[in-house]
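K.L.:
Fold the following.
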Amino acid sequence: MLWTVILLLNRSQGDESLNQENIFKLSDSMMAGIHESIVDYDPFVGEQQLITSQKSRLNEIYESKLSINEELDLVLF
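P.N.:
Numbers count the residues shown, from 1 in each chain. Sure thing, here's the model as predicted:
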């Protein structure tokens with residue numbers, strides 16, 4: 001199952017260099033890391049991280065806009 005997940009992820013990124021045959025050539029530590037990532041993956045946490053990142057970016061944009069507006073006010077008035 002592990003190599004199936006790797007193949008699906010790999011194909012979705014358009015990279016055909018990793019196929020079923022050479023997946024078995026990966027080091028044990030690399031396979032263990034991939035397996036751990038799959039087992040430990042929590043979609044809720046992943047979604048929350050994405051939302052947090054988006055909120056952070058929106059706050060940056062908002063603060064930037066406020067700063068520009070303040071500078072315009074100083075120049076115009």
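K.L.:
how near is G33 to G46?
P.N.:
With distances taken as Cβ to Cβ, to the nearest Å, G33 is found 17 Å from G46. Where you see a C-beta, it was placed from the backbone N, CA and C, and this is true even at glycine.
K.L.:
same question, I61
P.N.:
Distance, I61 to G46, by Cβ to Cβ: 23 Å.
K.L.:
What distance do you get for E71 to N59?
P.N.:
Counting by Cβ to Cβ, the separation of E71 from N59 is 19 Å.
K.L.:
for H35, same thing?
P.N.:
Applying Cβ to Cβ, the value for H35 to N59 is 36 Å.
K.L.:
Those two: which has the busier surroundings?
P.N.:
Comparing H35 with N59 by other Cβ atoms under 10 Å, the one with more neighbours is H35, at 14 against 10.
K.L.:
hey, where'd the helices end up in the chain?
P.N.:
Using DSSP state H, the helices of the chain run over 2-12, 20-23, 28-40, 43-76.
K.L.:
deepest of the ones you listed, which one?
P.N.:
With neighbours defined as mean count of other Cβ atoms under 10 Å, the helices of the chain peak in mean count at helix 2-12, which reaches a mean of 13.
K.L.:
For the protein, give me the ranges with low pLDDT.
P.N.:
1-24, 26, 41, 77 (pLDDT under 70).
K.L.:
Domain parsing of it, as residue ranges.
P.N.:
Domain assignment of the chain by automatic domain parsing yields the ranges 1-41, 42-77.
K.L.:
wait, what's in contact with L76?
P.N.:
With contacts defined as Cβ atoms under 8 Å, 6 or more residues apart in numbering, L76 has no neighbours.
K.L.:
Next one: it relative to Y62, how far apart?
P.N.:
Computed as Cβ to Cβ, the L76 to Y62 distance reads 21 Å.
K.L.:
How about D42?
P.N.:
Applying Cβ to Cβ, the value for D42 to Y62 is 29 Å.
K.L.:
and the gap between T52 and S67?
P.N.:
Separation of T52 from S67 (Cβ to Cβ) stands at 22 Å.
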